[in-house]
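Enquirer: Pasting the sequence and the predicted model now:
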Amino acid sequence: SILYGVVYSTMTAQVKLTGFNEAALIADRIADMVANDLQAVYVSDYEGEFHFRGESQQALGREADRLTFITGTEALMPTLGSDTVGVAGFQEVGYVAVPSKTREGYLALYRREAPVDRKTEKGGRFALLHDQVEEFDLRFLGRDELEIEWDPGGREEWEYTPTDGLPRVVLLKLVVSLGDPDSAEQDAARIHVSRFRRQEVYRVIVLPPGVSTDTSKLALLEPKD
């Protein structure tokens, strides 16, 4: 019985540690997802079509920036038969951080997928990426800005225009927390590791020039309502 208790406790601790170590990669995975979407960014010559927008926002005293653009990456969420997200290989993708409903004092970061239309930032499907985000900070460097500095680190906002085009580089800073800060000492004593961990990741995302072609056919995908 004693031996069984020791083995069971050890196995339970290993399961907890394995799950926590996998969860600890969440910030890197989110940053890679943002980079993957941005590196397939799409622009066109179609008059009146939306292209790219980065906005500086704050919530709960934290950096909670927003990003919306058209990308050629595949839709990640399940689609319905009548859904036009991802049709013709393009979709509107957005990242938005808002106050978390489940973690007081933290932000919840969502990824949005929507069909390509003129109703920017409206409709679509939202997927929760993480509900314990401390900071989602974006900075933008133009084609003539060569120095990469995190602080202050380029422009805080970017709106695509034919003159400015796309930014050359997007600087991403993402800070997330894992676990409950109040139980850190208790868990550390039990399984010899703090189950509260704070992750801070940075990405320097170099954007392509962007596909440029007439996409007037995409206007046919605009919802009639």
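Expert: Nice, I can see it. Treat the numbers as computed from the prediction; the structure is a model and nothing was measured.
Enquirer: now the strands for the chain?
Expert: 52-55, 58-59, 62-63, 66-71, 91-99, 107-114, 125-141, 158-159, 169-178, 197-206 (DSSP state E).
Enquirer: how about those strands in a markdown table, adding mean neighbour count, mean pLDDT and distance to residue 29?
Expert: The way it works is simple: take the backbone N, C-alpha and C, and place the C-beta from them, glycine included. Shown next, in a markdown table, are the strands of the chain (neighbours: other CB atoms under 10 Å; pLDDT from 0 to 100; distance: least, CB to CB, whole Å):
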| stretch | mean neighbour count | mean pLDDT | distance to residue 29 |
| --- | --- | --- | --- |
| strand 52-55 | 20 | 92 | 21 |
| strand 58-59 | 12 | 94 | 23 |
| strand 62-63 | 19 | 94 | 20 |
| strand 66-71 | 22 | 91 | 17 |
| strand 91-99 | 21 | 92 | 14 |
| strand 107-114 | 22 | 92 | 12 |
| strand 125-141 | 20 | 92 | 9 |
| strand 158-159 | 18 | 90 | 24 |
| strand 169-178 | 21 | 91 | 10 |
| strand 197-206 | 15 | 89 | 10 |
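Enquirer: Let's have those in a markdown table, adding distance to residue 27.
Expert: Formatted as a markdown table, those follow (distance: least, CB to CB, whole Å):
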| stretch | distance to residue 27 |
| --- | --- |
| strand 52-55 | 20 |
| strand 58-59 | 18 |
| strand 62-63 | 14 |
| strand 66-71 | 17 |
| strand 91-99 | 13 |
| strand 107-114 | 10 |
| strand 125-141 | 8 |
| strand 158-159 | 23 |
| strand 169-178 | 5 |
| strand 197-206 | 4 |
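Enquirer: of all those strands, which lies closest to residue 28?
Expert: The closest of the strands of the chain to residue 28 is strand 197-206. By CB to CB, the value is 5.7 Å.
Enquirer: what angle separates the closest one from strand 125-141?
Expert: 60 degrees (axes from the mean of the first three to the mean of the last three CA atoms, to 10 degrees).
Enquirer: Next, the angle from strand 197-206 to strand 169-178.
Expert: Calculated by the same axes, to 10 degrees, strand 197-206 forms an angle of 170 degrees with strand 169-178.
Enquirer: out of the strands of the chain, nearest to residue 40?
Expert: It is, among the strands of the chain and with distance given as CB to CB, strand 66-71, at 4.7 Å.
Enquirer: packing partners for the closest one?
Expert: Contact analysis of strand 66-71 by 3 or more CB pairs under 8 Å, 6 or more residues apart in numbering; DSSP states H and E lists helix 26-38, strand 52-55, strand 91-99 as its packing neighbours.
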